[in-house]
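Enquirer: based on what follows, work out the 3D shape:
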Amino acid sequence: MKLKPLAAGLIAAFATTQALADITVGVTVSATGPAASLGIPEKNTFALMPTTIGGQKVNYIVLDDASDTTTAVKNVRKMITEDKVDVIVGSTITPNSLAMIDVAAEAETPMISMAASARIVDPANPKVKWVFKTPQNDVQMSTAIVESMLSNKVQTVAFIGFADAYGEGWYNEFSKIAELRKLKIVANERYNRNDTSVTGQILKILAAKPDAVLVAGAGTPAALPQKALNEKGYKGAYYQTHGVANMDFMRVCGKDCEGTLLPAGPVLVAGQLPDSNPIKKVALDYTSKYEAAHGKGTTSTFGAHAWDAGMLLQSAVPVALKKAQPGTKEFRAALRDALEGLKNVTVSHGVVNMSPQDHLGFDQRARVMVKIENGGWKLQQ
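Expert: Numbering: from 1, shown residues only. Predicted structure coming up:
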């Protein structure tokens, strides 16, 4: 039986519409507020993302959450209910990302966080079935710091971190590893991201006379304790976390940062990696693209976390497209499954092997130790 021309045309038009359905990626970043030095390179990176994946057009909706948890949740709810996004990427910082998990899980929408805490993808929480992340876990970086401290004959250490989930997560992981390796923590202090003075905390640290101080902060606010310690004459070793791996931190900290040691993703020192390192080529590709747009020396690990989220989608989306069309519940579920099934995907920070128990997928290739030397980053062998 032959179809009438009008009916045939409608069917063809419907099929064409289905084939051309766009993929919508909702992004919330902390482009203003205390975490702006992290969120701005992430925001900049989304402008470099591919506009098609698997033959499908991709639309990126990028919103600023101003480093505020409530705003991050509002952004996610808006993108899910109004923009009908297929996947959420964000937020920049741990408190925001933790607050977003409930929304993503309730809407059964996959989420890729660009924040560090292991709690974001804790397999003990059933809601993180929908959540993945790109930054290295605190435990990986804590291990690197403890190993460096022991190699430098550090026996006692003082800890000062943010008074939020980032600082708590770091203390929990670092203290467990330090205890196992017989490294004594002699002080445990906290401060807020927007504080302008930490005098009380610093005096307590100085009284404990530690061999080294670990500052568990992120972005430019992480410079405050280190500058205050230097002003008071502290002469021990300084360690920071991978939350300071950008030039804005060094600009604010200045000469007070010289000699600081920190763990970082290999993208930070991509040009210093041996050619045999499988991450080097991918990391340099991101670096060249970002610096072509924003200038030499502007690459940060934070922008690379956003880039890696895009790389995960480039690997997972074609798999999901074989099962469902964008804009549907079925596609979101297929994309979640595809992300969880990723194997041997090399990104700018490491090599990803996901599983139901591991929604980060990194091994120890995802971190290096770096020293701040002459205003730059030097890979420690």
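
Enquirer: from here on, contacts and neighbour counts on C-alpha atoms
Expert: Will do.

Enquirer: what lies in contact with stretch 29-44?
Expert: 62-68, 90-93, 193-194, 218-221, 246, 248-249, 299-300, 302-307 (C-alpha atoms under 8 Å, 6 or more residues apart in numbering).

Enquirer: and for the residue lying closest to E173 once chain neighbours are set aside, the neighbour number?
Expert: Nearest residue to E173 in three dimensions, chain neighbours excluded: V139, at 5.4 Å (C-alpha to C-alpha, 6 or more residues apart in numbering). Per other C-alpha atoms under 10 Å, the neighbour tally for V139 reads 20.

Enquirer: and V139, that one's in a helix?
Expert: Yes. Counting by DSSP: H, G, I helix; E, B strand; the rest coil, V139 falls inside a helix.

Enquirer: pLDDT score assigned to the residue most central in space within the chain?
Expert: With distances taken as C-alpha atoms, centre = their mean, the chain has M114 as the residue nearest its mean C-alpha position (3.2 Å). Looking at M114, its pLDDT reads 98.

Enquirer: list the residues that contact D83.
Expert: D83 makes contact with T24, according to C-alpha under 8 Å, 6+ apart.

Enquirer: D83: what secondary structure?
Expert: Applying three-state DSSP: D83 is coil.

Enquirer: tell me the spacing between it and Y286.
Expert: 29 Å (C-alpha to C-alpha, to the nearest Å).

Enquirer: kindly report the same for D64.
Expert: 23 Å.

Enquirer: before we move on, back to that, drop anything exposed from the contacts of stretch 29-44.
Expert: With burial judged by 16 or more other C-alpha atoms under 10 Å, the buried subset of the contacts of stretch 29-44 is 62-68, 90-93, 193, 218-221, 246, 248-249, 299-300, 302-307.

Enquirer: among those, which are in helices?
Expert: Here DSSP state H is the test, and the buried ones among the contacts of stretch 29-44 give 248-249, 302-307 as lying in helices.

Enquirer: just name the lowest-scoring one in those, pLDDT-wise.
Expert: D248 (90).

Enquirer: identify the residues contacting that residue.
Expert: 37, 219-220.

Enquirer: surely the residue nearest to the centre of the chain touches W307?
Expert: No. Using C-alpha atoms under 8 Å, M114 is not in contact with W307; the gap is 9.9 Å.

Enquirer: all helices for the chain, in order.
Expert: 5-19, 36-46, 69-81, 94-106, 138-151, 165-180, 199-208, 223-231, 247-253, 279-294, 301-321, 329-340.

Enquirer: could you tell me the least trusted of those?
Expert: When the helices of the chain are compared on average pLDDT, helix 5-19 comes out lowest at a mean of 48.

Enquirer: about what we covered before: can I get the ones in helices among the buried ones among the contacts of stretch 29-44 in CSV including distance to P110?
Expert: Output for those, formatted as CSV (distance: C-alpha to C-alpha, whole Å):
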residue, distance to P110
D248, 31
F249, 31
F302, 20
G303, 20
A304, 20
H305, 17
A306, 15
W307, 17
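
Enquirer: pick out the most distant pair among these.
Expert: F249 and W307 (20.5 Å; C-alpha to C-alpha).

Enquirer: one step back: out of the ones in helices among the buried ones among the contacts of stretch 29-44, flag the one nearest to N277.
Expert: The closest of those, once distances to N277 are taken by C-alpha to C-alpha, is A304, at 17.3 Å.

Enquirer: quick one, what contacts the closest one?
Expert: So A304 contacts 42, 45, 267, 286, 348-349 (C-alpha under 8 Å, 6+ apart).

Enquirer: quick one: contacts of stretch 325-345?
Expert: By C-alpha under 8 Å, 6+ apart, stretch 325-345 touches 18-19, 21-24, 84-87, 108-110, 130, 312-313, 315-317, 319-321, 323-324, 351-356, 359.

Enquirer: among those residues, name the buried ones.
Expert: Counted by 16+ other C-alpha under 10 Å, these give 22-24, 84-87, 108-110, 130, 312-313, 315-317, 319-321, 324, 351-354, 359 as buried.
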